[in-house]
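Sequence and predicted structure, then a few things I'm wondering about:
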Amino acid sequence: MSGVYGAADENESIATIQAALDHGITLLNTGDFYASGHNEMLIGRAIKARRDKALVSVKFGALRTPDGRWIGIDTRPASVKNFVAYSLTRLGVDHIDIYRPARLDPQVLIEDTIGAIAELVTAGYVRYIGLSEVGADTIRRAHAIHPICNLQIEYSLQYLCQFTTLERYKKHCEYD
């Protein structure tokens, strides 16, 4: 809704989110890096008077250049706390319902990342912890630190078609 898949109309996007909430769709999933934070601001405007009707899920940690290219992932504990502060501000909320790293950071132990998010749960800034694009071993290790409420795996033809072989897909993703 922030132009990632083509042209977007802000008023229509807000009306769509509000219509979804009116029809009982409660999960709003975003990433702090979607359109460089614009999607969070859009969701914030859409749920302003309806926060109690929305379950807001945010992925964090993906790093991008000013021209939008992906350059890595950062899930260091200090970065986790920095990213959540910006997300809370852009969303205009006092807590995020589900907070998750967008991908596994090869430079940071998942236990350290989950520990940092668990501190945010204790402080009331986050309610639940999720994971994205990880395998069973990582889920077990993360869950040993704090309960994991859900797992998000991108499984769409649009995404998978860029991989011509299963081996190329496995190289792209983490499999335990």
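Nice, I can see it.

mind checking the SS state of the spatially most central residue of the chain?
Closest to where the C-alpha atoms of the chain average out (CA atoms, centre = their mean) is K59, at 1.3 Å. At K59 the chain is in strand, as set by DSSP: H, G, I helix; E, B strand; the rest coil.

Correct me if wrong: it contacts S132.
Yes: contact criterion CB atoms under 8 Å: K59 and S132 qualify, at 5.7 Å. Backbone N, C-alpha and C define where each C-beta goes, glycine included.

Overlap in contacts, those two.
100-102, 152 (CB atoms under 8 Å, 6 or more residues apart in numbering).

Which one (most neighbours) among the residues you listed?
With neighbours taken as other CB atoms under 10 Å, the top of those is R100, carrying 31 neighbours.

Count the neighbours of L28 for me.
L28 has 21 nearby residues by other CB under 10 Å.

That one: helix or strand, and which one exactly?
If you go by DSSP states H and E, L28 is part of strand 27-31.

Run through the neighbouring helices and strands of the helix or strand following that strand.
Downstream of strand 27-31, the next assigned helix or strand under DSSP H and E is helix 38-47. Counting contacts by 3 or more CB pairs under 8 Å, 6 or more residues apart in numbering; DSSP states H and E, helix 38-47 packs against helix 10-22, strand 27-31, strand 55-60, helix 77-91.

returning to what we had before: can you tell me how far the residue nearest to the centre of the chain sits from A15?
24 Å (CB to CB, to the nearest Å).

can you check R64 too?
For R64, the distance to A15 - CB to CB - is 28 Å.

where does the protein dip in pLDDT?
The chain contains residues with pLDDT under 70 at 1-6, 155-176.

right, and A46 touches I14 too?
Yes: contact criterion CB under 8 Å: A46 and I14 qualify, at 4.5 Å.

ok, the two, which is more surrounded?
A side-by-side neighbour count of A46 and I14, using other CB under 10 Å, places A46 first with 22 against 17.

List the contacts of that one.
13-14, 17-18, 21.

In this structure I139 contacts C149, no?
No: assessed by CB under 8 Å, I139 is found out of contact with C149, at 11.4 Å.

Just send the shared contacts of K59 and S132 back as TSV, with distance to T30 and secondary structure too.
TSV is the format used below for these (distance: CB to CB, whole Å; DSSP: H, G, I helix; E, B strand; the rest coil):
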residue	distance to T30	secondary structure
R100	11	strand
P101	14	strand
A102	11	coil
Q152	12	strand
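
closest to I110 out of the helices and strands packed on helix 38-47?
Nearest to I110 among those is helix 77-91; the distance by CB to CB comes to 11.7 Å.
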